[in-house]
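Q: build the 3D model from these lines:
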Amino acid sequence: MFSPRKILAIKLRALGDTVLMTAPLRELRKAYPDAEIHVVVTEAWAPLLEKQPAVDKVIGYVRHSGAASRAKAIARLAISLRKEHYDTVVNFHASPSSSALAYAVGAKNRSIHFHGHKDKNRYSTVVIEGKGVLKPIIERDMDTVRALGISIPSGRMPSVHLEEEEIVRGKHRIEQMGLYGPVLALGIGASRPTKGWPIDRFAGLAIRWCDEFRGSVIVFHSRTEIAVAREFFAAVDRKLIEWYEDPAARKAVRARILAEVSPPLRLLASLLKCSQLFVGNDSGPKHLAVAVGTKTLTLFGPEDPFEWHPYPQFNHAIHYIEGLPCRNDQDPGFRPWCALNVCVKEEHRCMRGLAEDDVFRTVERMASGNGLHVV
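A: Reported below is the predicted structural model:
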């Protein structure tokens, strides 16, 4: 029976992809409890895996923009990793660069699942079933592990391990911010403009949470999304004038809506863990919230949730408008998808059609499931 001694797992992608990787890594650990498991991920996300029970060592990779510099970086990393003498490599969602790295490491056994549905799985020594079949991304990652002969049921969830002191640190940070009551986490960022819900509706959601649940709101965004954050808080200020005649009441609510800008990754995970609910666009923080056990509500627009929301919808709800003919960039036989960065002709109706009142009703339902009730 095949029994690897030393495994290298590779996934050089975004935050959400790295979070989803935690599920197949757990399956590798279950199947091979005595194997040493090393992981190569994008350096920015490496802290996410540092305390995972399934991982013995994390190696960060800095992606280079130019093809020549990227090839040199991959070659240097491959030379370094060859010294580890891996006997097995598992490469999830591979790209040309990462598949070359997986091959160059020198492992005899290689399960390499290429990113493109129509692309061959380059350098793989095993047959990965289901190639070209549309699946939730977490199941595609699992297929990479299944190809080693491991039986894995569908429906596995990602999980990010936090130490107790890290959770305490998250609670302490919320106290330092002067926030109290149940915390709503808002993810207002998006990888492209068309994936973003209108900012003024996020603002309305924040005020309603503070008003109806006597809670607080933390808005998460990156340093590259400062302009979006400014737009959000400007909308909050405008709406507070509409909601409250008393300036003191406006000031009190405004003090309970604050931002965390690019917090360290493990602090972000702790803050999400300490939140009652995450509401946001389809983005990395959504997957991280799921992985630390926080309920989520995701707002989908141009992309069908089938691939990127492999979660039970009672605890991880979605709002998505089915059947819009303007989603037409998908290959035949695949789910509807729109590739636009900016939508003018259709007036961004996939997101603008998600009404604030409808979203907040779902927020109320999910909050009540957490034992919260409108005050």
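Q: drop to CA atoms for contacts and neighbour counts, all remaining ones
A: OK.
Q: then the helix or strand harbouring residue 99 to CSV, C-alphas only?
A: Per DSSP states H and E, residue 99 falls inside helix 96-104. This file holds the C-alpha atoms of helix 96-104, laid out as CSV (Å, rounded to 0.1, in the frame of the first residue of the first chain):
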residue,chain,number,x,y,z
PRO,A,96,2.0,26.7,-15.1
SER,A,97,4.4,28.1,-12.5
SER,A,98,3.3,25.9,-9.6
SER,A,99,3.1,22.8,-11.8
ALA,A,100,6.7,23.4,-12.9
LEU,A,101,7.6,23.8,-9.2
ALA,A,102,5.9,20.5,-8.4
TYR,A,103,7.8,18.7,-11.1
ALA,A,104,11.1,20.3,-10.3
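Q: that helix: which residues count as buried?
A: Neighbour-count burial for helix 96-104, counted by 16 or more other C-alpha atoms under 10 Å, picks out 97-104.
Q: got JSON lines for those residues, with pLDDT too?
A: Converted to JSON lines, the buried residues of helix 96-104 look like this (pLDDT from 0 to 100):
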{"residue": "97", "pLDDT": "90"}
{"residue": "98", "pLDDT": "93"}
{"residue": "99", "pLDDT": "94"}
{"residue": "100", "pLDDT": "93"}
{"residue": "101", "pLDDT": "95"}
{"residue": "102", "pLDDT": "96"}
{"residue": "103", "pLDDT": "96"}
{"residue": "104", "pLDDT": "96"}
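Q: okay if I get those as JSON lines plus distance to residue 166?
A: Formatted as JSON lines, the buried residues of helix 96-104 follow (distance: C-alpha to C-alpha, whole Å):
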{"residue": "97", "distance to residue 166": "35"}
{"residue": "98", "distance to residue 166": "32"}
{"residue": "99", "distance to residue 166": "35"}
{"residue": "100", "distance to residue 166": "37"}
{"residue": "101", "distance to residue 166": "34"}
{"residue": "102", "distance to residue 166": "34"}
{"residue": "103", "distance to residue 166": "37"}
{"residue": "104", "distance to residue 166": "37"}
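Q: closest to residue 275 among those residues?
A: residue 98 (35.4 Å; C-alpha to C-alpha).
Q: for that closest one, list the residues it contacts.
A: Counting by C-alpha atoms under 8 Å, 6 or more residues apart in numbering, residue 98 touches 10-12, 74, 91.
Q: buried among these? Make that a PyMOL selection.
A: Burial among these is assessed by 16+ other C-alpha under 10 Å; the matching PyMOL selection reads:
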select buried, resi 10+11+12+74+91
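Q: now for the contacts of residue 98, which pair is the farthest apart?
A: Largest pairwise distance in those, by C-alpha to C-alpha, is 14.2 Å, between 74 and 91.
Q: quick one: the strands in the stretch 101-250 of the chain?
A: 109-114, 183-187, 216-221 (DSSP state E, counting those that start in this stretch).
Q: can I get these in a markdown table with distance to residue 248, mean neighbour count and mean pLDDT?
A: Output for the strands of the stretch 101-250 of the chain, formatted as a markdown table (distance: least, C-alpha to C-alpha, whole Å; neighbours: other C-alpha atoms under 10 Å; pLDDT from 0 to 100):
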| stretch | distance to residue 248 | mean neighbour count | mean pLDDT |
| --- | --- | --- | --- |
| strand 109-114 | 57 | 27 | 95 |
| strand 183-187 | 21 | 26 | 98 |
| strand 216-221 | 17 | 24 | 97 |
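Q: export those strands as CSV, with columns for distance to residue 23.
A: Shown next, in CSV, are the strands of the stretch 101-250 of the chain (distance: least, C-alpha to C-alpha, whole Å):
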stretch, distance to residue 23
strand 109-114, 16
strand 183-187, 23
strand 216-221, 25
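Q: nearest to residue 45, out of those?
A: strand 216-221 (15.8 Å).
Q: now do the domain split for the protein, please.
A: 6-146, 164-369 (automatic domain parsing).
Q: tell me the spacing between residue 86 and residue 265.
A: Here the criterion is C-alpha to C-alpha, to the nearest Å. By it, residue 86 lies 29 Å from residue 265.
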